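Asker: sequence? don't have it. structure:
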């Protein structure tokens with residue numbers, strides 16, 4: 001009788017242990033296999049934004065630009081000033097930007113939340129009319 005009870009206890013413990021193992025999860029499809037939907041393409045576009053700012057400083061060798069947003073009562077001083085990385089394509093534009101200029105930046109945010117400037121646009125200056 002003891003052997004039967006011991007065997008049943010061991011079998012019950014083994015069954016409980018097997019029941020606790022997590023089931024293997026299905027692997028997500030690797031990117032570029034056609035499993036992507038149109039919504040993912042629009043999500044990527046939503047992470048690109050434009051902002052008009054005043055240049056505080058530039059550092060071409062370090063590929064950074066420090067800017068200050070226009071006064072916003074919802075942002076404190078520390079949030080209004082930001083240093084951003086500059087993409088390799090925008091380095092040529094970075095060299096032509098001077099401190100105090102008002103520029104429009106096209107900023108791309110990656111999956112980790114890092115913002116990178118992809119395009120630097122100076123506002124079009126209107127030529128004085130000749131009479």
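Answerer: Alright, I've got the coordinates. Quick caveat, the model's predicted, so the values are computed rather than measured. Numbers count the residues shown, from 1 in each chain.
Asker: contacts for the longest strand seen in the chain?
Answerer: For the chain, the longest strand by residue count, based on DSSP state E, is strand 48-59. With contacts defined as C-beta atoms under 8 Å, 6 or more residues apart in numbering, strand 48-59 is touched by 64-70, 81, 94-95, 97-109, 118. C-beta here means a position set from N, CA and C on the backbone, and glycine is covered the same way.
Asker: please flag which of the residues you listed sit within helices.
Answerer: Among the contacts of strand 48-59, the members falling in helices (DSSP state H) are 94-95.
Asker: can you flag the buried ones in the contacts of strand 48-59?
Answerer: Listed as buried from the contacts of strand 48-59 are 65, 67, 94, 97, 103, 105-107; burial here means 16 or more other C-beta atoms under 10 Å.
Asker: just the ones of those in strands?
Answerer: When DSSP E is applied, the buried ones among the contacts of strand 48-59 are split such that 65, 67, 103, 105-107 fall in strands.
Asker: which member of those is positioned nearest residue 17?
Answerer: Lowest distance from residue 17 to these (C-beta to C-beta) belongs to residue 107, with 52.5 Å.
Asker: look up the pLDDT of that closest one for me, please.
Answerer: We note a pLDDT of 91 for residue 107 in this prediction.
Asker: which residues pair with it across the strands?
Answerer: residue 49, residue 117 (DSSP bridges).
Asker: how about the contacts made by it?
Answerer: So residue 107 contacts 48-51, 84, 115-118 (C-beta under 8 Å, 6+ apart).
Asker: low-confidence ranges in the chain?
Answerer: 18-46, 71-79, 125-131 (pLDDT under 70).
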